[in-house]
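Peer 1: Fold the following for me, if possible:
(chains A and B)
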2 protein chains.
Amino acid sequence: MAQEFLLSPQCSLSSSAPDRSDPARSGCPHRCSRRGSLDAPPRSATERRPAWTGPSARSRPNLVPVCGKITSRIAGQSFQKSRQHHRARLNVLRTETEFVSWLRAQVPSGARGLEIGIGDDGAIVEVRRGHKLVLKADMSIEGVHFTRRVHSPRSVGHRALARSLSDVAAMGGTPRFALTSLAISRVATRAWLRELYAGMLALAKQFAVILVGGDTAVVAGKTVLDVMVAGEVKRGMELRRSGARPGDQIYVSGRLGLSALGLRLLESGRRPSPQDAGAIRAHLYPEPRCALGRYLSRQRLASALIDISDGLSTDLAHLCESSGVGARVRADLIPGPEFPTGHVPNSLDLALHGGEDYELLFTVPPGKTGQVPVRFRDLPLHRIGEIRRSKGVALVRPDGTATPLGPGGYDHFSK
Amino acid sequence: MAQEFLLSPQCSLSSSAPDRSDPARSGCPHRCSRRGSLDAPPRSATERRPAWTGPSARSRPNLVPVCGKITSRIAGQSFQKSRQHHRARLNVLRTETEFVSWLRAQVPSGARGLEIGIGDDGAIVEVRRGHKLVLKADMSIEGVHFTRRVHSPRSVGHRALARSLSDVAAMGGTPRFALTSLAISRVATRAWLRELYAGMLALAKQFAVILVGGDTAVVAGKTVLDVMVAGEVKRGMELRRSGARPGDQIYVSGRLGLSALGLRLLESGRRPSPQDAGAIRAHLYPEPRCALGRYLSRQRLASALIDISDGLSTDLAHLCESSGVGARVRADLIPGPEFPTGHVPNSLDLALHGGEDYELLFTVPPGKTGQVPVRFRDLPLHRIGEIRRSKGVALVRPDGTATPLGPGGYDHFSK
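Peer 2: This is a model prediction of the structure:
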């Protein structure tokens, strides 16, 4: 199987019988031109379009490209597009070869540990001696994890990679290599695709993560992006969810609920004010806490670690369940969104259940709490409660009342 | 981010206002039962269904479960299903917790090199000292790589993993760990999902590959399955596409075009005869050639190696391009499908362009051809041509005429 990046099975030419007199040309029977780079401006409408010549898709018997129309025979679906519509899309996505060339040019070669990247059957990489591998995959699905109305393609790419990086951070590891599989919607434009990778590769560069391969195909439905990250962690230094013990103090990094607030602001459709910027940035461009994860691992400060991707209430429950313990958290200590105008309805709810903050939640044995800094670099660390022997998580309000805190509870955005 | 396996956001109960009086219960505001295993028989229609309680999806603000209906607000789509339809589906997919428990029970624990598998933020694994990592991801998309009419779920799972394993084989590596990301269609049944994993895990067991994690979500569209494999290859023993030199002899394993023939037979809808079985099995349950890949690597026989996933014509072109050489292959030496009844139209075309055979294509320096066995275990190895200095691939017919062989040419299944 090729390390393939297969693009749209499109051909703009008419559906007349193909000329097969020269089987040597590597491409469409219409002898379409295949020149041009992904960054080249769209060709004029009168110019011949490059045919779909991606070898991978051609050999897939159940996607049958008939020039001028695309018929998925087995599925019993027939997609026949007007030439005009076809051309409009063709300006955007060209051939697999072009796309792979473009992508390879975006990815730094000769990086440490990288032997074979995009272009062979698989990638060959090396992890440092004495290190273990951290493996994680996360999907980003259009209509579930992002929408085109709210999320720019750059943000989609950033967030897709950030999710996996955050998981590596939550093991105390260092992300090294990424594979990205992209089932891209037929309606995606060339610019959208380029921006998606720009967002992903900018974050990859920031964390010295190398994109070593993946798989790309065009689908009739929604875009699905799967990012798999291979990281490394020094042997014996990995952090788990299961190490929390009664008496350990519970900490979180950063502020919680910012991402959910940012989404709410973006959804509202109103023009964002300067004070909205933090929340919106937190939602669109979350920052994985890899440095903090490594710090906690190396200093042997944390007894258990998890990232808060599903909201504090849910991820604390995960941590407690894995560790076989319970917890008490104090509502007044939970760092909710800071919002100068004071108009944050249910800021505690956002902080408890918002999700997608990608902050770290960790526990510290009582004897080590003195070593936990108030800030790690620019990131505030807040103590919010304590691990208890009795199961379940309790939320203690400022008036002293304690109520059980269920994971997620109900959906705050359906109200 | 949790090592999550998030299932369908379904709740069969009415859309009345949820009871939020007890936030401690970990689940649906309707206090639905969450008992039962994935293998449990469907409950009666009158019994209360488990609500969608997957914490991961709840915290995703843009998928809003309102009990009795599911509304994707941001996407502007509203899916409202009748209770009857809802119930029918609920018999099949239950909660994330159930699914993860079921899946963990299917995966052997304590395997060599596996430290943390499904259930933490990421997996922690170890590769043997002196080995490099082989990384590869491959997607299997409904309507592109498989259809429900032709492919059983067991075959879908088998084929999805086989694609990635074959790539590791083509590097001379040994697959060790797999991550599977599954965006599963809303219409998939519980039995379908179970069979999918059964097919994947049976193949994984055969190759001693451990499923260490992944991500699962439910989508409105087609099912997308992404399988990433991390393998290992002894340092300096990896095989590339780029090592072929003029004079090297070209070999292929097995018979080519069998998978394409099998698909054609399956599509025909007629009852398969006993002699169809080989081709149908080759299509539905292809066998990755990992042992042969390792043998070629260890014996240092092959100068270049690629797997034939896209058809001989395409993958030979890839190998030649990477190596900066050309090739001549003899039509009469190419092992096409064996079909006792003799009714294989265009068997050479199937062998040249069929694809999805997952056999290996390799080149051997002239001085080593004597060491190439006629069979490797039960697998025949055929010499089919020679690498040439001049670019391009030529097909030599039995009458001596040589014609250029383009990758794929035209689609053989649209005729």
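Peer 1: Which parts of the stretch 301-415 of chain A are helices?
Peer 2: A:312-323, A:347-353 (DSSP state H, counting those that start in this stretch).
Peer 1: Repeat that for the stretch 101-250 of chain A.
Peer 2: According to DSSP H, counting those that start in this stretch, the helices that the stretch 101-250 of chain A contains are A:153-169, A:190-206.
Peer 1: Output the helices of the stretch 301-415 of chain A as CSV; include the columns mean neighbour count, distance to residue A:164 and mean pLDDT.
Peer 2: Quick note: C-beta positions are derived from backbone N, CA and C, even for glycine. CSV is the format used below for the helices of the stretch 301-415 of chain A (neighbours: other CB atoms under 10 Å in any protein chain shown; distance: least, CB to CB, whole Å; pLDDT from 0 to 100):
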stretch, mean neighbour count, distance to residue A:164, mean pLDDT
helix A:312-323, 24, 16, 94
helix A:347-353, 24, 23, 89
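Peer 1: closest to chain B out of those?
Peer 2: Of all the helices of the stretch 301-415 of chain A, it is helix A:312-323 that lies closest to chain B, at 3.9 Å by CB to the nearest CB.
Peer 1: got JSON lines for the helices of the stretch 301-415 of chain A, with distance to chain B too?
Peer 2: Converted to JSON lines, the helices of the stretch 301-415 of chain A look like this (distance: least, CB to the nearest CB, whole Å):
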{"stretch": "helix A:312-323", "distance to chain B": "4"}
{"stretch": "helix A:347-353", "distance to chain B": "6"}
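Peer 1: can I get the ones you listed in a markdown table with distance to residue A:136?
Peer 2: Converted to a markdown table, these look like this (distance: least, CB to CB, whole Å):
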| stretch | distance to residue A:136 |
| --- | --- |
| helix A:312-323 | 15 |
| helix A:347-353 | 23 |
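Peer 1: can you list the domain ranges for chain A.
Peer 2: A:99-234, A:249-404 (automatic domain parsing).
Peer 1: Dump those to CSV, plus distance to residue B:277.
Peer 2: Below are the domains of chain A laid out as CSV (distance: least, CB to CB, whole Å):
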stretch, distance to residue B:277
domain A:99-234, 29
domain A:249-404, 47
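Peer 1: Ok, which of the helices of the stretch 101-250 of chain A comes nearest chain B?
Peer 2: Of all the helices of the stretch 101-250 of chain A, helix A:153-169 comes closest under CB to the nearest CB, at 4.4 Å.
Peer 1: Could you pull out the buried residues of that closest one?
Peer 2: Residues A:153-169 are the ones in helix A:153-169 that count as buried (16 or more other CB atoms under 10 Å in any protein chain shown).
Peer 1: What ranges does the stretch 201-350 of chain A have for its strands?
Peer 2: For the stretch 201-350 of chain A, the strands defined by DSSP state E, counting those that start in this stretch occupy A:210-219, A:224-234, A:249-253, A:304-308, A:326-330.
Peer 1: And the closest residue in space to residue A:168 that isn't next to it in sequence, how far from residue A:185?
Peer 2: Using CB to CB, 6 or more residues apart in numbering or on different chains and skipping the chain neighbours, the partner closest in space to residue A:168 is residue A:231 (3.9 Å). Applying CB to CB, to the nearest Å, the value for residue A:231 to residue A:185 is 30 Å.
Peer 1: For those two, indicate the residue with more neighbours.
Peer 2: A direct count of neighbours by other CB atoms under 10 Å in any protein chain shown for residue A:231 and residue A:185 places residue A:231 higher, at 30 against 17.
Peer 1: So for chain A, the centremost residue is which one?
Peer 2: residue A:160 (1.2 Å; CA atoms, centre = their mean).
Peer 1: Just send the strands of the stretch 201-350 of chain A back as a markdown table, with mean pLDDT and distance to residue B:278 too.
Peer 2: Listed next are the strands of the stretch 201-350 of chain A as a markdown table, based on pLDDT from 0 to 100; distance: least, CB to CB, whole Å:
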| stretch | mean pLDDT | distance to residue B:278 |
| --- | --- | --- |
| strand A:210-219 | 87 | 28 |
| strand A:224-234 | 93 | 34 |
| strand A:249-253 | 98 | 58 |
| strand A:304-308 | 95 | 49 |
| strand A:326-330 | 96 | 59 |
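Peer 1: between the ones you listed, which one is nearest to residue B:324?
Peer 2: strand A:210-219 (21.5 Å; CB to CB).
Peer 1: re the thing from before, please name the bridge partners of the nearest residue to the residue nearest to the centre of chain A once chain neighbours are set aside.
Peer 2: Among residues not flanking residue A:160 along the chain, residue A:140 sits closest, at 4.1 Å (CB to CB, 6+ apart). Taking DSSP bridges, one obtains residue A:225 as the residues bridged to residue A:140.
Peer 1: Would you check that residue A:140 makes contact with residue A:161?
Peer 2: No. Residue A:140 is beyond contact range of residue A:161, at 9.2 Å (criterion: CB atoms under 8 Å).
Peer 1: before we move on, back to that, help me confirm that the residue nearest to the centre of chain A comes into contact with residue A:142.
Peer 2: No. Assessed by CB under 8 Å, residue A:160 is found out of contact with residue A:142, at 11.1 Å.
Peer 1: Report the beta-bridge partner residues of the residue nearest to residue A:240 when sequence neighbours are not counted.
Peer 2: Spatial nearest neighbour of residue A:240, chain neighbours left out: residue B:120 (5.7 Å); criterion: CB to CB, 6+ apart. As for beta bridges, residue B:120 partners with residue B:118 under DSSP bridges.
Peer 1: Roughly how far does residue B:120 sit from residue B:178?
Peer 2: Counting by CB to CB, the gap from residue B:120 to residue B:178 is 17 Å.
Peer 1: Looking at the two now, which is surrounded by more residues?
Peer 2: The residue with more neighbours, out of residue B:120 and residue B:178, is residue B:178; 29 against 26, by other CB under 10 Å.
Peer 1: For that one, list the residues it contacts.
Peer 2: Residues near residue B:178 by CB atoms under 8 Å, 6 or more residues apart in numbering or on different chains: B:161, B:164, B:204, B:209-212, B:227-230.
Peer 1: Redo these as JSON lines? Include distance to residue A:127.
Peer 2: Converted to JSON lines, the contacts of residue B:178 look like this (distance: CB to CB, whole Å):
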{"residue": "B:161", "distance to residue A:127": "23"}
{"residue": "B:164", "distance to residue A:127": "19"}
{"residue": "B:204", "distance to residue A:127": "22"}
{"residue": "B:209", "distance to residue A:127": "19"}
{"residue": "B:210", "distance to residue A:127": "17"}
{"residue": "B:211", "distance to residue A:127": "20"}
{"residue": "B:212", "distance to residue A:127": "15"}
{"residue": "B:227", "distance to residue A:127": "21"}
{"residue": "B:228", "distance to residue A:127": "16"}
{"residue": "B:229", "distance to residue A:127": "16"}
{"residue": "B:230", "distance to residue A:127": "10"}
